[in-house]
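**Student:** Curious how this folds, go ahead:
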Amino acid sequence: MAEVLTEIAAPVHGLLPLTREAVVRAWIAASDLQGAAPGEESVPIARLGDTARSLSEAARVILQARNHAARAAQRPATAPPPSRAQPSVSRRR
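**Tutor:** Next up, the predicted model:
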C-alpha cells in the first residue's frame, strides 16, 4: 500500500505533484494571456489556482497516509506467547 501511495504523491515524481505542476503552469499562462493582476482573474483561471492548492493538500494527506502505512508494515509481527509445554519425560527401560 505504501508503494502505491508513494507513486501517487511522491514530492518530485509523484502523479499528484506532476499534475499540480501542469495546473500551475496552465494557471500562469492563462493569467499572462488574460493580462490580469493576481486576484483579478476570471473565475475559470481562479479555479485553476484553487485546483493547484487542492492538489498540494491532497498530496500532503496521501503522504501522511503513506508514512502511516509504511510504519505499520515495519512493525514486527507479534510472536505467539512462549510455549508452556512440559519437558518430555524420558522413558525408563
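
**Student:** from here on, contacts and neighbour counts on C-alpha atoms
**Tutor:** Fine.

**Student:** Look up phi and psi at Thr19.
**Tutor:** Thr19 adopts backbone torsions of phi -60, psi -40, taken as degrees, to the nearest 10.

**Student:** Could you find the closest non-adjacent residue to it?
**Tutor:** In space, and not counting its chain neighbours, Thr19 is closest to Leu55: 7.9 Å by Cα to Cα, 6 or more residues apart in numbering.

**Student:** who touches that neighbour in this structure?
**Tutor:** Leu16, Pro17, Thr19, Arg20 (Cα atoms under 8 Å, 6 or more residues apart in numbering).

**Student:** Which helix or strand contains His13?
**Tutor:** For His13, there is no enclosing helix or strand under DSSP states H and E.

**Student:** What is the neighbour count of it?
**Tutor:** Per other Cα atoms under 10 Å, the neighbour tally for His13 reads 13.

**Student:** Can you pull the phi and psi angles for it?
**Tutor:** The phi/psi pair for His13 (degrees, to the nearest 10) is phi -110, psi 10.

**Student:** which of the residues in the helix or strand containing the residue nearest to Thr19 are buried?
**Tutor:** Secondary structure from DSSP H and E places Leu55 in helix 43-74. For helix 43-74, a neighbour-count test (16 or more other Cα atoms under 10 Å) marks 45-46, 48-49, 51-52, 55-56, 59-60, 62-63, 65-66 as buried.

**Student:** pLDDT weak spots in the protein?
**Tutor:** 36-40, 76-93 (pLDDT under 70).

**Student:** let's see it at 80
**Tutor:** 35-41, 73-93 (pLDDT under 80).

**Student:** Nearest residue to Pro11 in space, please, no chain neighbours.
**Tutor:** Nearest to Pro11 is Pro17, by Cα to Cα, 6+ apart, at 6.2 Å.

**Student:** my read: the one you found touches Ala9, true?
**Tutor:** Yes - between Pro17 and Ala9 there is a contact under Cα atoms under 8 Å: 6.5 Å.

**Student:** any common contacting residues for these two?
**Tutor:** Contacts common to Pro17 and Ala9, judged by Cα under 8 Å, 6+ apart, are Ala59.
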